[in-house]
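> I would like to see how this sequence folds:
(2 chains)
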Amino acid sequence: MASFFFQQIFNLSIFAIVFKLVAPVILAAVGGLFCGKVGVMNIGLEGAMLVSAFFSIVVNSLTGNWMLGILAGCAASVFLCLLLAFFTFKYKAHHIVTGFAINTFASAITVFMLQTFFGSSGSYQPEGVAMIPVVNIPIIEKIPILSVISGHSLIVWIALLCVILCSIVFYKTPYGAHLIAVGENVQAARSVGINDMKIKYSAFVICGILCGIGGAFLSTGATSMFVRDMTAGNGFIALAVISLGNERPYGVLRGGLVFGFANAIAILIETYPGLSIPSQFIQAIPYVATIVMLTIHVLQNNRKMTAPVKKTK
Amino acid sequence: MGADNQNVIEMKDMYKIYPNGTVANSGVNFCVKRGEIHALVGENGAGKTTLMKVLFGLEEKTKGAVYISGKEVNFKSPREAIASGMGMVHQEFMLVPSYTVAQNIALGNEKKKRIFCDRKAEKEQMEKISKQFGLTADFDEPVYRLSVGAKQRIEILKVLYNNAKIIILDEPTAVLTPQETEELFCSLRLMVKDGYTIVLITHKIKEVMDISDSVTVLRNGQTIQTLKTSETTPDEITSLMIGRQLKPKRERIKSQSEKTVFQVDHLNVMDRRGALKVKDMSFSIKQGEIFGIAGVEGNGQSELIDAIIGFLKPASGRVFYDGKDITGISTSEFRKEPIGYIPDDRNLRGSSLSQSVAENFIICSHSGKEFNKGPYLDWKEVRKKSRDLIEEYEIKTDSERALVGSMSGGNVQKVIVAREISKKPDLLIACQPTRGVDISSIEYIHNKIIEQRNKGAAVLLISAELTEIMGLSDKIGMLYNGELVAIRENDDTVTEKEIGKYILNGRQDQDVTEE
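Predicted coordinates:
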């Protein structure tokens, strides 16, 4: 069995799986990070991705254009995020409750439309879906080890770019400085004339766009179908990844990769011929890994908190 | 009117009525001349802060007119106020804890280099301002690590960085040590010399006399009078503020008893991070004696108290109460003794803001027989007792059902004092009992403490306010870095300067650094 794994890792197919699994999680996590910075734990990531997955494949198959598909998905996702922001900020509803409502709504509305328009209760697999393109990098795809960076979906690169952009926005631009200030001490932000509502809503719009791209990838990039509740906890994993990454963009990337590898290993074990372990156990690996990582992370943080502070002059 | 004598701020006939019906300002007139330090004084709830919030665009006025440098304005947001050259240092620090000093100062007014923040240009300007007004700061340090004095300087730097020419300071010295206050005043004087105009909100008369050119007194939301500081006296301002003369302090009857009520013996306490905060502390308090511990905050006061009341286990040493060893007992056992405890943070430990006055009164005694009727609370009795206490302690509230969170600081503190003293304690532990409360409440609480002492209670008083320590204590312990460096009888020979040297340097023989 060991040799099977080595072989898989050496022929680098594991990386293809990892990136495919991780891209939507990272996109949602970066979006969630924006909401987190303004002080809202957005558990509606799941629902936002789900509506995007649905609407992007519908528009995609109707128009035959993957970009229009993504746009439609983003629009639906931004709408849901704004709805959440509206209830949270305008009516001061608790964001966990509204987030939960959004998720339930997203799950129900997609199933309802699936049933009404396509007469299916489980999945929708239209003809002529224009898949989001794969980026093949000439020359590099022929070089043995370097070839690992070729042949990934465009969305994988966009996810990576989003992490970098997010870091620049947070730590290098005035907008980022205002964003974090609003989350940490909204009074301080207001006292210097920052319009906190504008910042808060903008964070949710950005979150909606990122979840939209992630959702579109699920139905028109990683696969070419919509399955009910196909986000399968990706939004919640994204929240765990945010926490794992210490609420920093590159931390999110790192956390996402840990989850991705755990998931990829589970898939590899599952596909190993002649294995007698019940598949449910194996499918639990990524989630168990996430819990273990979170526990380690919390313990580390606790130690940091209780460690004697360094004396400053 | 001459050009240099011009009113930079003029507020005429200001009214502010909050949607819930609270009248904060009802006919305030307020004029500030260019280049002066103008003190705005009044008791808590007199409407000082509201008036300034209206001026700064944080609250909308109900009626009235505001002129800045002769032009009528109507600010809808702080942004507009800042744009017209105003700056406000709020009572609570408006800082982002995780940001560095430089990031905090630039917040909302970042310099740009294409789309990015130009941190280098920002810092150059900050350094220039910092040098000009003697406001030192370590620009790369995160703010959460700074002392309150340093945070205060950052707030002022922020206002100056935003090009304010008119600066409003809302009770800036409430959290500062005497030394830090003096440093702040030095900077303010430099700023005035440079053409800045300063409005100082305070209720400390000493500061008004020290630094201001003019003073406006507010009471119950109205302007009582505007005076030139040089033409008035502290007593005049005080009586204008509270609308009557101060009552003479209750006379202190010298205690004859030799019975020791409370004793701390070689106590060592570590905080939760394991740092030794109370070092080998020993003292004892007799019946009818007030033992005052003077010290700058953060020198082990809270750890000492936590060890006494059972929040922290002492590392070594003993605590005795009434001859019993009570070292390391639980807080619930501690609270069963006739000991009154007034915590230093009235919102965090002293009271439950979301509960009523009556509920706060019985918060430590609801399991006692007095208020129980079978398995239930005897609300009739609770309310009756509460009304008695409200009357006796002159607490300003509509009823015993009013929420504590809706009351002013002075009144909340009175609720706590009433609760603790109504236990008829033979030991009263009072930590910063008058922090942030107004003059009449201070007067009232001080008299209550002396009354307890005269009745024979032992009192442990912990305060950073030297006047309070010297005005109340029979004995003074000087606390420096977790040690009682000296214990003195409080007779006529003790001076503020002497105590100051002990609590700032831990020694008598070395002079406090001269300014």
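> Quick check: which element contains the closest residue to residue A:24 other than its chain neighbours?
Closest residue to residue A:24 apart from its sequence neighbours, by C-beta to C-beta, 6 or more residues apart in numbering or on different chains: residue A:214 at 3.8 Å. Every residue, glycine included, has its C-beta placed from N, CA and C. Using DSSP states H and E, residue A:214 sits within helix A:196-220.
> From the contact counts, what lies against the helix or strand just after that helix?
Using DSSP H and E, the helix or strand that follows helix A:196-220 towards the C-terminus is strand A:226-227. Packing partners of strand A:226-227 (3 or more C-beta pairs under 8 Å, 6 or more residues apart in numbering or on different chains; DSSP states H and E): helix A:45-63, strand A:123-124.
> Save those as CSV, and put in distance to chain B and mean pLDDT too.
Converted to CSV, those look like this (distance: least, C-beta to the nearest C-beta, whole Å; pLDDT from 0 to 100):
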stretch, distance to chain B, mean pLDDT
helix A:45-63, 24, 96
strand A:123-124, 42, 91
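> Please name whichever of these is nearest to residue B:197.
helix A:45-63 (50.5 Å; C-beta to C-beta).
> If you count neighbours, what's buried in the closest one?
For helix A:45-63, a neighbour-count test (16 or more other C-beta atoms under 10 Å in any protein chain shown) marks A:45-61 as buried.
> helix or strand right after that helix?
That would be, after helix A:45-63 and using DSSP H and E, helix A:66-85.
> What's the per-residue pLDDT of the closest residue to chain B within the stretch 1-150 of chain A here?
As assessed by C-beta to the nearest C-beta, chain B sits closest to residue A:37 within the stretch 1-150 of chain A, at 11.0 Å. Here, the pLDDT recorded for residue A:37 equals 95.
> The closest residue to it other than its chain neighbours is in what secondary structure piece?
Of all residues beyond its chain neighbours, the one nearest residue A:37 is residue A:183 (4.7 Å), with distances taken as C-beta to C-beta, 6+ apart. According to DSSP H and E, residue A:183 maps onto helix A:174-184.
> cool, residue B:139 as well?
With DSSP H and E as criterion, residue B:139 is part of no helix or strand.
> quick one: low-confidence parts of the stretch 251-400 of chain B?
B:251-253, B:255, B:366-368 (pLDDT under 70).
> Assign the residue of it found nearest chain A to helix, strand or coil.
Proximity of the stretch 251-400 of chain B to chain A (C-beta to the nearest C-beta) peaks at residue B:273, 5.3 Å away. At residue B:273 the chain is in coil, as set by DSSP: H, G, I helix; E, B strand; the rest coil.
> What about it, how many residues nearby?
11 (other C-beta atoms under 10 Å in any protein chain shown).
> re earlier: and the gap between the residue nearest to residue A:37 and residue A:203?
Residue A:183 sits 9 Å away from residue A:203, going by C-beta to C-beta, to the nearest Å.
> okay, and the common contacts of these two?
A:37-38 (C-beta atoms under 8 Å, 6 or more residues apart in numbering or on different chains).
> State the phi and psi torsions of residue A:171.
phi -110, psi -10 (degrees, to the nearest 10).
> hmm, I was thinking of residue B:224
phi -90, psi -50.
> I'd say it and residue B:237 touch.
No: look at residue B:224 against residue B:237 with C-beta atoms under 8 Å: they stay out of range, at 9.8 Å.
> coming back round to it: between residue A:183 and residue A:203, tell me which one has more neighbours.
The neighbour comparison of residue A:183 against residue A:203 (other C-beta under 10 Å) goes to residue A:203, with 26 against 23.
> which residues of the stretch 201-313 of chain A score low on pLDDT?
A:304-313.
> Residues of the stretch 1-150 of chain B that sit close to chain A?
B:58, B:77-80, B:82, B:88, B:90, B:92-99, B:103-104, B:106-110, B:112, B:115-117, B:141, B:145 (C-beta under 8 Å from any C-beta of the partner chain).
> redo that, cut-off 6 Å
Contact residues, the stretch 1-150 of chain B versus chain A (C-beta under 6 Å from any C-beta of the partner chain): B:78-79, B:82, B:94-96, B:107-108, B:110, B:115-117, B:145.
> Among these, which one has the most neighbours?
residue B:107 (27 neighbours).
> separation between residue B:149 and residue B:182?
For residue B:149 relative to residue B:182 (C-beta to C-beta), the value is 11 Å.
> tell me the SS of residue B:93?
Recorded secondary structure, residue B:93: coil (three-state DSSP).
> That one reaches residue B:151, doesn't it?
Yes: the pair residue B:93 / residue B:151 is scored as a contact, 5.1 Å apart, by C-beta atoms under 6 Å.
> which residues does residue A:184 contact?
Counting by C-beta atoms under 6 Å, 6 or more residues apart in numbering or on different chains, residue A:184 makes contact with residue B:96.
> which regions of chain B lie under the pLDDT threshold?
Ranges of chain B meeting pLDDT under 70: B:1-5, B:247-253, B:255, B:366-368, B:508-515.
> Tell me the buried residues in the helix or strand hosting residue A:17?
Residue A:17 is located in helix A:13-37, with elements delineated by DSSP H and E. Buried residues in helix A:13-37, counted by 16+ other C-beta under 10 Å: A:14-15, A:17-37.
> Quick one: residues contacting the residue nearest the centre of chain B.
Most central in chain B under C-alpha atoms, centre = their mean is residue B:436, positioned 3.0 Å from the mean C-alpha point. Listed by C-beta under 6 Å, 6+ apart, the contact set of residue B:436 reads B:174, B:409.
> cool, residue B:413 as well?
B:346, B:437.
> any idea how far it is from chain A?
For residue B:413, the distance to chain A equals 24 Å [C-beta to the nearest C-beta, to the nearest Å].
> Tell me how far that residue lies from residue A:190.
29 Å.
> cool, and residue B:373?
49 Å.
> Look at those two and report which has more neighbours.
residue A:190 (20 against 11).
> what sits against the residue nearest to the more buried one when sequence neighbours are not counted?
Distances taken as C-beta to C-beta, 6+ apart place residue A:196 nearest to residue A:190, at 5.8 Å, with adjacent residues excluded. For residue A:196, the contacting residues are A:182, A:186, A:189-190, by C-beta under 6 Å, 6+ apart.
> Chain B contacts on the stretch 51-200 of chain A?
Contact residues, the stretch 51-200 of chain A versus chain B (C-beta under 6 Å from any C-beta): A:172-174, A:181, A:184-185, A:187-188, A:191-194.
> what about 10 Å?
A:168-169, A:171-178, A:180-195 (C-beta under 10 Å from any C-beta of the partner chain).
> in what helix or strand does residue A:258 lie?
Residue A:258 belongs to helix A:249-271, assigned by DSSP H and E.
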